[in-house]
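J.: Here is my input; please provide its structure:
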Amino acid sequence: MCGRYSLTTPAEAVLRVFEYLERPNLMPRANIAPTQEVAAVRLGDDGARHFVSLRWGLIPSWAKDASFGAKTINARGETLAEKPAFCDAFRHRRCLIAADGFYEWKTEAGAKQPYRIARDDGAPFGFAGLWARWDKAPDGAPLETCSIVTTDANELLRAIHHRMPVILDPADFTAWLDPGTSPAEAQALLRPCPPDRLVAYRVSRRVNKVANDDLSLIGPLGDDAPDDSGDQPRLL
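T.: Next comes the predicted model:
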């Protein structure tokens with residue numbers, strides 16, 4: 001599962017990883033949450049990669065209302081080809097979701113302790129994502145939404161949570177985005193990130209509140225560091 005993540009990397013460094021045409025002004029975000037707009041990359045009709053803003057929580061075209069997206073922030077990689085909410089997007093509308101860390105919670109001393117998981121070199125990376133366009137909004141404006149694909153946790157994450165988002169190798173970006181890649185070929189890309197490429201460390205429980213979104217959230221919580229929030233996270 002992935003219910004909260006970060007993208008604090010400077011825009012130029014994100015551009016170098018994802019190689020899209022646009023030059024968006026990316027503000028650092030330490031606590032990205034469902035229903036918010038997120039940074040994503042997909043192929044355009046010109047065959048090039050383009051930066052787009054999508055709402056987190058996929059709403060398939062046939063959904064009756066936008067509340068459907070609350071149930072689809074994540075998509076299990078093992079069942080993408082079968083689930084009605086995701087199968088069409090899996091075949092035709094795959095995307096990358098830009099991040100540089102994500103959060104999971106572990107019960108410690110009777111409380112939920114957040115951990116941040118990031119690359120060992122601090123570089124940004126791409127979650128495997130799906131996107132959809134929903135045209136039934138009351139104002140008539142199309143709403144573009146997305147979901148993060150998950151897989152079994154690797155050895156590092158297993159002690160914290162049994163699932164993790166799919167972090168694609170940059171060498172696989174082209175194949176994942178290409179609609180010509182078959183579902184079977186795309187499914188083969190959905191594997192856990194090697195544990196030696198990641199680090200996991202405790203962070204402040206201030207991350208439990210969506211309203212908190214400052215860079216102090218991504219710093220490691222030392223054994224003697226104060227943690228002034230006893231709030232429990234909203235697990236999605």
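J.: Just the C-alphas of stretch 48-67, formatted as CSV.
T.: What follows is stretch 48-67, C-alpha atoms only, in CSV (Å, rounded to 0.1, in the frame of the first residue of the first chain):
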residue,chain,number,x,y,z
ALA,A,48,6.9,12.1,-26.5
ARG,A,49,6.8,12.1,-22.7
HIS,A,50,4.7,14.9,-21.2
PHE,A,51,4.4,16.2,-17.6
VAL,A,52,0.8,16.3,-16.4
SER,A,53,-1.0,16.9,-13.2
LEU,A,54,-3.5,14.2,-12.1
ARG,A,55,-5.7,13.7,-9.1
TRP,A,56,-4.7,10.8,-6.9
GLY,A,57,-7.5,8.2,-6.7
LEU,A,58,-8.4,6.7,-10.1
ILE,A,59,-12.0,7.2,-11.3
PRO,A,60,-12.8,5.0,-14.2
SER,A,61,-15.0,6.4,-17.0
TRP,A,62,-18.0,4.4,-15.9
ALA,A,63,-18.0,5.5,-12.3
LYS,A,64,-21.2,7.3,-11.2
ASP,A,65,-19.5,9.9,-8.9
ALA,A,66,-16.0,11.1,-7.9
SER,A,67,-16.1,9.4,-4.5
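J.: Tell me where the protein has strands.
T.: Remark: strands assigned in the chain by DSSP state E are 5-7, 29-32, 37-43, 49-56, 74-76, 94-99, 101-108, 111-119, 125-134, 143-152, 163-165, 167-168, 198-202.
J.: out of all of them, which helix in this protein is the longest?
T.: Longest helix in the chain, counting residues (DSSP state H): helix 11-18.
J.: most centrally placed residue in this structure?
T.: Residue closest to the average C-alpha location in the chain (CA atoms, centre = their mean): I148, at 4.8 Å.
J.: Surely that residue touches G126?
T.: No - in this structure, I148 is not within contact of G126 by CB atoms under 8 Å, at 10.5 Å. Any C-beta I mention is one placed from the backbone N, CA and C, and that applies to glycine too.
J.: okay, and the common contacts of the two?
T.: Residues touching both I148 and G126 by CB atoms under 8 Å, 6 or more residues apart in numbering: I97.
J.: So for stretch 72-84, what gets flagged as buried?
T.: By 16 or more other CB atoms under 10 Å, the buried positions in stretch 72-84 come out as T72, I73, N74, A75, R76, G77, L80.
J.: Hmm, A137 and L143 touching each other?
T.: Yes - contact criterion CB under 8 Å: L143 and A137 qualify, at 5.3 Å.
J.: intersection of neighbour lists for those two?
T.: Common contacts of L143 and A137 (CB under 8 Å, 6+ apart): A66.
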